[in-house]
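> From the sequence below, what's the structure:
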Amino acid sequence: MFRNKGISGQRVSTNAPYGCTRAEDGHLLIDEEAAPVVELIFQLCVEGNGPGKIARMLKERGIPTPGTIEFQRTGRTRRYHPDDPCHWTSDTIADILEQDSYLGRTTDFKTAKLSYKSKKKNNNPPEKWVVIENTHKAIIDPETWEIVRKVREQRRRPTKMGEMGMFSGLAYCADCGAKLYHCRSTTWTHEQECYTCATYRGKKGCSAHYIRAVVLERLVL
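Residues are numbered from 1 along each chain as shown. A predicted model of the protein is given here:
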């Protein structure tokens, strides 16, 4: 019965992801208050910001956390912090960026219990997932989703200022193939930021290739 429900495209989880609400029949509906925040989080990621920085930016803008919204609507305090209602965490941001429900699809059986007697869940491999497309209205378009996937898959190093360049982990030296590292300083303007060849930085033989960030942005645009 439980598996038949998931195979038919009905959502097995009883919890709606942030940005959505759950209808009486179990299907997801757009949460008009929270959905714009989901769009903002994805856009900030596309612009090269990591989960930690996105969390700080949301707090600076005074945006309530999912736990705060839940408390305001239901009175539940499990994720509510009255002393800091806008304190987002990097883990919360990362979870949102991994939530494929925003594409308008339902993915069931991502986890499984070892036994009905146990509450512990293990992650299932993707081949055991049941994915049904177009089960509800999407918040994020496929193009944005793919950009975020590629950005998240890259191993990117933040600068000492805790920031990541838009093209960190995506740009490579045309001569030696090494990554171009994002360089900036607290005394530099954005126009002075640049990407330099990792091989040259390590003094292993490549030339001093670099390109200013603003030039790279203009070329891509």
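> Quick test: name the residue nearest the centre of this protein.
For the chain, residue 97 is the residue whose C-alpha lies nearest the centre (C-alpha atoms, centre = their mean; 2.4 Å).
> I'd like to know how far that one sits from residue 170.
17 Å (C-beta to C-beta, to the nearest Å). For the C-beta atoms, the positions are set from N, CA and C on the backbone; glycine is no exception.
> Repeat that for residue 63.
Distance from residue 63 to residue 170, by C-beta to C-beta: 28 Å.
> go on, residue 37?
From residue 37 to residue 170 the distance is 26 Å (C-beta to C-beta).
> ditto for residue 125
With C-beta to C-beta as the criterion, residue 125 and residue 170 are 28 Å apart.
> Please say which of these two ends up with more neighbours.
Each of residue 125 and residue 170 has its neighbours counted (other C-beta atoms under 10 Å); residue 170 has more, 17 against 7.
> Can you pull out the low-pLDDT segments for this protein?
1-14, 109, 111-124, 126, 129, 154-165, 186, 201-205, 208 (pLDDT under 70).
> now the helices: where do they sit in it?
Under the criterion DSSP state H, the chain contains helices at 2-7, 35-46, 51-60, 66-74, 90-97, 142-153, 198-201, 213-220.
> which one of those lies closest to residue 132?
Between residue 132 and these, the shortest separation by C-beta to C-beta is 8.5 Å, and it involves helix 2-7.
> Verify the contact between residue 63 and residue 85 for me.
No: contact criterion C-beta atoms under 8 Å: residue 63 and residue 85 do not qualify, at 9.7 Å.
> Check the offset of stretch 175-183 from the chain's centre.
25 Å (C-alpha atoms, centre = their mean, to the nearest Å).
> try stretch 74-84
23 Å.
> Over to stretch 76-92?
18 Å.
> what comes up buried for it?
Residues of stretch 76-92 classed as buried: 80, 85, 87-88, 92 (neighbour count, 16 or more other C-beta atoms under 10 Å).
> Now distance to residue 191 too, for the helices of the chain, in a markdown table please.
Output for the helices of the chain, formatted as a markdown table (distance: least, C-beta to C-beta, whole Å):
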| stretch | distance to residue 191 |
| --- | --- |
| helix 2-7 | 52 |
| helix 35-46 | 21 |
| helix 51-60 | 21 |
| helix 66-74 | 37 |
| helix 90-97 | 29 |
| helix 142-153 | 23 |
| helix 198-201 | 21 |
| helix 213-220 | 5 |
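> who wins for proximity to residue 188 among the ones you listed?
helix 213-220 (9.9 Å).
> what sits up against that closest one?
Applying C-beta atoms under 8 Å, 6 or more residues apart in numbering, the external contacts of helix 213-220 come out as 165-167, 171, 182, 184, 190-191, 193-195.
> now swap in stretch 58-74 and tell me
With C-beta under 8 Å, 6+ apart, stretch 58-74 has contacts from 18, 33-34, 37, 40-41, 76-81, 85-88, 92-93.
> For it, output the C-alpha coordinates as PDB.
Extracted C-alpha coordinates of stretch 58-74, given in PDB (Å, rounded to 0.1, in the frame of the first residue of the first chain):
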ATOM      1  CA  LEU A  58      19.200  36.200   4.300                       C
ATOM      2  CA  LYS A  59      19.800  37.100   8.000                       C
ATOM      3  CA  GLU A  60      21.000  40.600   7.000                       C
ATOM      4  CA  ARG A  61      17.700  41.100   5.000                       C
ATOM      5  CA  GLY A  62      15.600  40.100   8.000                       C
ATOM      6  CA  ILE A  63      14.100  37.000   6.300                       C
ATOM      7  CA  PRO A  64      12.500  34.600   8.800                       C
ATOM      8  CA  THR A  65      13.800  31.000   8.800                       C
ATOM      9  CA  PRO A  66      11.600  28.000   8.000                       C
ATOM     10  CA  GLY A  67      11.400  27.300  11.700                       C
ATOM     11  CA  THR A  68      10.100  30.800  12.400                       C
ATOM     12  CA  ILE A  69       7.500  30.600   9.700                       C
ATOM     13  CA  GLU A  70       6.400  27.200  11.100                       C
ATOM     14  CA  PHE A  71       6.100  28.700  14.600                       C
ATOM     15  CA  GLN A  72       4.100  31.700  13.300                       C
ATOM     16  CA  ARG A  73       1.600  29.500  11.600                       C
ATOM     17  CA  THR A  74       1.300  26.500  13.900                       C
END
